[in-house]
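K.L.:
Let's see this in three dimensions:
(one chain, ligands or ions: 1)
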Amino acid sequence: MDTKLKEKNVQVPSNNIHNFLVAESLIDELVKKAFGMRQYAYAPYSGFKVGAALLAKNGDIYGGCNIENAAYGPSNCAERTAFFKAVSEGVREFAAIAIVGGPESGVKDFCAPCGVCRQVMAEFCSPDEFYIILAKSIEEKKIYTLAQLFPEGFSPENLN
Ligand code: THU
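P.N.:
I've put the predicted structure just below:
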């Protein structure tokens, strides 16, 4: 693990044996973008606002926010909003996603992706090479690979 990340208080789970492939400055850019996207969250029912910033391998960043619905079921998470924006524009290869979430009053805890979003990530992302950045602030971050958050997941390869 990059010692610079440790100095910067970025927590990387001890079972993460992978070298982080996304530059530090880019991590901060993704976190900032995720905070920006959180402002657009439409969450009148839960009051829990989430923002995401998805880095495509081509360098483009797709933002997303959660979008709730009076019928509850049609609600969409911030992560899937970002993925579906990208995929609907022909982009299918991704390097990392930053996620920030919390009540309207502010982000106090790390917000991990729900199971459905992890499944969507598994459709398009390599388990060992896709990074999920959870942030409370620019300074406080945790970084996981998809494999760490979605072990033994079902993916397109299982259909072969
Ligand atoms: N939510 C997300 O958008 N992403 C997550 O990682 C966790 C949950 C949304 C769904 C719902 O609109 C609200 O947060 C409360 O669950």
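
K.L.:
What parts of this structure come near the ligand?
P.N.:
Selection of the chain residues close to the ligand by Cβ under 6 Å from any ligand atom yields 43, 46, 48, 50, 66, 68, 75, 77-79, 99, 101, 111, 113-114. Glycine gets a C-beta too; all of them are placed from N, C-alpha and C.

K.L.:
wait, doesn't Ile27 sit right on Leu134?
P.N.:
No. Using Cβ atoms under 8 Å, Ile27 makes no contact with Leu134, being 11.4 Å away.

K.L.:
Among the residues of the chain next to the ligand, which are located in strands?
P.N.:
Counting by DSSP state E, those place 48, 50, 99, 101 in strands.

K.L.:
Tell me how many other residues crowd the nearest residue to the first one once chain neighbours are set aside.
P.N.:
If you skip the residues right next to it in sequence, Phe48 has Pro103 as its closest partner in space, 5.9 Å away by Cβ to Cβ, 6 or more residues apart in numbering. When neighbours are counted by other Cβ atoms under 10 Å, Pro103 registers 13.

K.L.:
now the one 4 residues further on
P.N.:
For Val107, the count of nearby residues is 20 (other Cβ under 10 Å).
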